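Enquirer: A predicted structure for the sequence below; I have some questions about it.
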Amino acid sequence: MLYEDQAARFDERAGVPPAAADAAARALYALAGLREGDALLEVGAGTGSLSLPLLRLPLRYVGFDRSPAMLDEFRRRVADSGSTAELHVADGDERWPVDDGSVAAVFGARALHHLSADHVVAETMRVLRAPGGVLALGRVRRPPDSVKSTLRRRMRRTLEEQGFHGRNHEAGAEAVFTALEQRGGVRIPPVTAARWTHTHRPADSLASWAGKTGLAGMEVPADVKARVLAEVRAWALAHYGDLDAPLPQDEAFEIAAIRVPVA
Ligand SMILES: C[S@@+](CC[C@H](N)C(=O)[O-])C[C@H]1O[C@@H](n2cnc3c(N)ncnc32)[C@H](O)[C@@H]1O
C-alpha cells in the first residue's frame, strides 16, 4: 500500500517545519470560523506532524488514514506530546468514521487527491453539520522554477511518456470544489499560512522517489519506475551539473476552502 513503507521517513522527506504547522493550524481555525468545542475531521492525517498543533486548539479532533504505519507514527507523537486524539484506520473512499452532521469542518492536506472526488463530495455533505460547515484543503506551494518543482514536472512528464498519469492535487481539489459550488458552496479566498526556505539537492528528490513505493501518488511497475528515475537523473545531471549542489528551495503552506450549505 502507498505510504505504508514511508511512515518512518515521511517527515524527513515531506514534513513541514513545526512553526509552519503551528501557523497552519491557527490559519485553519480562523478561516473555517471554528469555535471552542467544534469537531474537526482530518482525512489522510498521516504522521500527524502537520496536525499535532490542531490538538492544542480547543476542538474535538478526529483524524483518519488508510495507512496503519502512518497512524502509528501519529499515535507515537500524540503520546510523546501528552495530548489526546481520536484516530482511526479507515479508507477515505469508504464511509468516513464520524456520524452524519457531526463536524464543523473537514480538513485534508496533501491527501484528498488520492480519493474519488465524487465520494469526497458525498461524505463532506454527509458529515458537515447543519446549517453548514467548511471543507479546507492544505498544500505546500513552491515556485515553478525551483529545484523541487522542476524535477517533479520532469519526473511526471517522463512517467506520462511511459503511459502513467500521476495523481494531481490541483485537479482533484478543483473537481471537489466545483462539485460543491454546484450544490451552493461558496469558496473562501485561499490563505498562505506560512512561508519557509531551505536547501534542496537534486539528489534529494531522486533519493526520495527511489525510497518509497510508487511514483506521483500511484503504484507503478518497478521496471517503469527504474527507467523513469534513470532518465530524470540523466536530465538533472545535464541541467544542474552537480546532483549534490544545495539549491535554495522556497515553500509555502496554503489553505483553500469552501463553505458548504447543508440543509
Ligand atoms: C502525502 S501524505 C499527507 C499526510 C498529511 N496529511 C500531511 O500533510 O502531512 C498522504 C496521506 O494520505 C493517506 N491516504 C492515501 N489514500 C488514502 C485513502 N484512500 N484513505 C485514507 N487515507 C489515504 C496516505 O496514507 C498518507 O498518509
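Expert: Yes, it's here.
Enquirer: mind listing what the closest residue to Ala111 other than its chain neighbours touches?
Expert: Of all residues not flanking Ala111 in the chain, Gly44 sits nearest, at 2.5 Å (Cβ to Cβ, 6 or more residues apart in numbering). (Each C-beta comes from the backbone N, C-alpha and C, glycine too.) Gly44 is in contact with 64-66, 92, 108-112, 114-115, counting by Cβ atoms under 8 Å, 6 or more residues apart in numbering.
Enquirer: what's the closest of these to Glu86?
Expert: Phe64 (9.0 Å; Cβ to Cβ).
Enquirer: burial measure for the closest one, as a count.
Expert: 20 (other Cβ atoms under 10 Å).
Enquirer: surely it touches Gly92?
Expert: Yes. Assessed by Cβ atoms under 8 Å, Phe64 is found in contact with Gly92 at 7.3 Å.
Enquirer: the worst-scoring helix or strand of the chain on mean pLDDT: what's the following helix or strand?
Expert: Between all helices and strands in the chain, the lowest mean by mean pLDDT, DSSP states H and E belongs to helix 10-14, at a mean of 69. Next in sequence after helix 10-14, counting helices and strands by DSSP states H and E, comes helix 18-31.
Enquirer: from the contact counts, what lies against the next helix or strand along the chain from that following helix?
Expert: The C-terminal neighbour of helix 18-31 among helices and strands, as given by DSSP H and E, is strand 39-43. In terms of contacts (3 or more Cβ pairs under 8 Å, 6 or more residues apart in numbering; DSSP states H and E), strand 39-43 is packed against strand 60-65, strand 105-109.
Enquirer: between strand 39-43 and helix 18-31, how many degrees?
Expert: Put simply, strand 39-43 runs at 130 degrees to helix 18-31, going by axes from the mean of the first three to the mean of the last three Cα atoms, to 10 degrees.
Enquirer: strand 39-43 to strand 60-65, inter-axis angle?
Expert: Using the same axes, to 10 degrees: strand 39-43 against strand 60-65 is 10 degrees.
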